[in-house]
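# Using only what follows, build the 3D model:
(one chain, ligands or ions: 1)
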Amino acid sequence: MQRILIKNGQVVDPANERDGIYDVLLEQGQVAAISENISVDGAEIIDAEGCIVAPGFVDLHCHLREPGQEYKEDVASGTRAAIRGGFTSLVAMPNTEPAIDSEAAVRSMAEIISEKAAARVYPAGAITRGQKGRDLTEMGGMMQAGAVAFTDDGLPVTSSRVMQLALQYSDMLGVPISVHEEDPDLAGDGVVNRGRISTLLGLPAIPTAAESAMVARDLELCREFGGHLHIAHVSTRNSIDLIRKAKDEGLKVTCEVTPHHLTLTEDLVRESNYDTNTKVNPPLRTSTDVEALVNALSEGIVDVIATDHAPHSFDDKDKEYIFADFGISGLETAFSLLHDQLVLKGDITMNRLIAALTVVPATIFDLPGGTLSQGEPADLVILRPQDEWAVNPDDFVSGGKNTPLAGWSLTGRVDTVLVAGRIMMRDGELQC
Ligand code: DOR
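Numbers count the residues shown, from 1 in each chain. Okay, here's the model as predicted:
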């Protein structure tokens, strides 16, 4: 296999506490060397002067919709969207049709992935059969088939007893249980955060307690029964307070936030004239919540950023607000949005942003990659932090054009992406 030498980039590799100008040599799909002024014969040179060179991003939460909802997205389009966003590894959610809830379903997903995926995809299995919240799936067999985590994402596990058992299996098998925290009785038919905006707009509301009450329950279960509790798409200050306390106590709890919950507020629902692309579950919250999430990310109480990429078709969103599907197509804007809104404003450092997108997610779900250590897979991104671009959903390669960021101008762009030493995007142009 070809040798690639990336010259003069600012290498940001939080796993190795490296941040400086270096050359990176890739050989046989692996990181072969990082040091100043490498020169070798016969290597393809990529000039990265003025750019950041980092490990490929690892997304613990995305929806690829295959099998069953290919009119929204499929593994090919979703992984090409991932590459455009700098993501080289993804954990695919099991809320497909049918759900990934058996060993056979994981195996068939693994086949689809090996045929079609442009990035590495790790399937998550459902916690309960059909994601119906009643009978546990056979986690051990599903892990042998390749499932890396279990989740009923999109839906909560309402039964405390089922959740207890899931955590006990998590403890036994050493696998994370990722939870969508939503009390369905409290959330009801709500579509936006409960507060000023829901009152002004007269839209049915989802209280913050719909999330934090379930977070509290699951932390209690984790304290008593063990297991690795991973809390998906945290959106409220109250949830953060509970997670902080549980971490102080030493519980095995990790959590993620999405780029949209870190940067957007419920006000956007009103400002955008009810743009259904602002409709997401959990809903966009208040500036107080956003501030708490950003601070918690900065401190490490929030472990990782995960996109919750939720692509939908035009028709799924072209409805009255209350009827539209929940979700934001996020892979292609994640890095730029976070860089523009958080790093450039000084709220988090570039190093923390990259850690939360690379080594931390890889470590907590025990996945390969996330670092540029010698011998690691040559999964890597080259970023142009100064480049400004305008978001145009028509240019998305994802089947889901559903972004509330249409027309936004963002500073910071993903330029080049390699997976296992293969150039998948170069100078902003997909090669896959
Ligand atoms: O907005 C969301 N969309 N939140 C979820 O939890 C599920 C997701 C989806 O599958 O569309």
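
# Please list the outside residues in contact with stretch 245-254.
With Cβ atoms under 8 Å, 6 or more residues apart in numbering as the test, stretch 245-254 has contacts from 176, 219, 222-223, 226-231, 243, 301, 303-304, 364. The way it works is simple: take the backbone N, C-alpha and C, and place the C-beta from them, glycine included.

# and these, which of them are in helices?
219, 222-223, 243, 364 (DSSP state H).

# Would you mind checking which of those residues is nearest to the ligand?
For the ones in helices among the contacts of stretch 245-254, the residue nearest the ligand by Cβ to the nearest ligand atom is I243; the value is 18.1 Å.

# Please tell me I have it right and the closest one contacts E299.
No - between I243 and E299 there is no contact under Cβ atoms under 8 Å: 11.2 Å.

# who has more neighbours, those two?
Neighbours of I243 and E299, each counted by other Cβ atoms under 10 Å, are more numerous for I243; the result is 24 against 11.

# now the more buried one: how far from V359?
Separation of I243 from V359 (Cβ to Cβ, to the nearest Å) stands at 20 Å.

# Give me every residue in the protein lying close to the ligand.
63, 95, 153-154, 180, 280-281, 308, 310, 326-327 (Cβ under 6 Å from any ligand atom).

# which of those residues tops the neighbour count?
In those, the most neighbours by other Cβ under 10 Å go to D308, 29 neighbours.

# Next one: that residue from K279, what distance?
With Cβ to Cβ as the criterion, D308 and K279 are 13 Å apart.

# Now the common contact residues for the two.
Joint contacts of D308 and K279 (Cβ under 8 Å, 6+ apart) are G327.

# re the thing from before, list just the nearest of the residues of the chain next to the ligand to W408.
Distance to W408 across the residues of the chain next to the ligand (Cβ to Cβ) is lowest for V280, with 16.2 Å.

# that's a helix at that closest one, yeah?
No - per DSSP: H, G, I helix; E, B strand; the rest coil, V280 lies outside any helix segment and is coil.

# Contacts only, for the nearest residue to L201 once chain neighbours are set aside.
Closest residue to L201 apart from its sequence neighbours, by Cβ to Cβ, 6 or more residues apart in numbering: R270 at 6.2 Å. Contacts for R270 (Cβ under 8 Å, 6+ apart) come out as 197, 200-201.

# what's the helix or strand for R270?
helix 267-271 (DSSP states H and E).

# Check which residues of that helix are buried.
Buried residues in helix 267-271, counted by 16 or more other Cβ atoms under 10 Å: 268-270.

# Just the CA atoms of it, as CSV, please.
Taking C-alpha atoms only, helix 267-271 is exported to CSV below (Å, rounded to 0.1, in the frame of the first residue of the first chain):
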residue,chain,number,x,y,z
ASP,A,267,-35.6,30.7,20.6
LEU,A,268,-34.6,29.4,17.2
VAL,A,269,-38.1,27.7,16.9
ARG,A,270,-39.6,31.2,17.0
GLU,A,271,-37.0,33.1,15.0
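
# I'd like to know which elements the following helix or strand past it is packed against.
Sequence order places helix 287-299 as the next helix or strand after helix 267-271, per DSSP H and E. On a contact count with 3 or more Cβ pairs under 8 Å, 6 or more residues apart in numbering; DSSP states H and E, helix 287-299 meets helix 237-249, strand 253-257, helix 259-263, helix 350-357.

# ok, now with 6 Å
helix 237-249, helix 259-263 (3 or more Cβ pairs under 6 Å, 6 or more residues apart in numbering; DSSP states H and E).

# So what touches the last one?
Think helix 259-263. Counting by Cβ atoms under 6 Å, 6 or more residues apart in numbering, the neighbours of helix 259-263 from elsewhere in the structure are 235, 293-294, 328, 330, 334, 337-338, 341.

# Over to stretch 201-214?
Residues contacting stretch 201-214 (Cβ under 6 Å, 6+ apart): 181-183, 186-187, 189-192, 194, 198, 236, 238-239, 282-283.

# and if you look at stretch 76-92?
56-60, 62, 64, 116-124, 331-332, 334-335, 367, 369, 379, 381, 397-399, 414, 417, 419, 424-425.

# So which of these belong to helices?
Going by DSSP H, the helices hold 116, 334-335 from these.

# Out of those residues, which is nearest to the ligand?
For these, the nearest to the ligand is A334 (14.8 Å; Cβ to the nearest ligand atom).

# List the contacts of the closest one.
So A334 contacts 85, 259, 307 (Cβ under 6 Å, 6+ apart).

# hmm, 10 Å instead?
57, 59, 62, 82, 85-87, 258-260, 305-309, 357, 414 (Cβ atoms under 10 Å, 6 or more residues apart in numbering).

# Where do the helices of the stretch 1-150 of the chain begin and end?
Here the stretch 1-150 of the chain has its helices, by DSSP state H, counting those that start in this stretch, at 75-84, 103-116, 139-144.

# Enumerate the positions of the shortest one that are buried.
So that's helix 139-144. Neighbour-count burial for helix 139-144, counted by 16+ other Cβ under 10 Å, picks out 139, 142-143.

# Please tell me how far the residue of the stretch 51-200 of the chain found nearest the ligand sits from P259.
Residue nearest to the ligand within the stretch 51-200 of the chain: G154 (3.9 Å; Cβ to the nearest ligand atom). Remark: distance between G154 and P259 (Cβ to Cβ) = 19 Å.

# any idea how far P283 is from the residue nearest to the residue of the stretch 51-200 of the chain closest to the ligand when sequence neighbours are not counted?
Counting by Cβ to Cβ, 6+ apart, N95 is the residue found nearest to G154 once chain neighbours are left out, at 4.0 Å. Applying Cβ to Cβ, the value for N95 to P283 is 18 Å.

# Next: L264.
10 Å.

# These two: who's more crowded?
Comparing L264 with P283 by other Cβ under 10 Å, the one with more neighbours is P283, at 27 against 22.

# wait, isn't the more buried one in contact with V191?
Yes - between P283 and V191 there is a contact under Cβ atoms under 10 Å: 7.1 Å.
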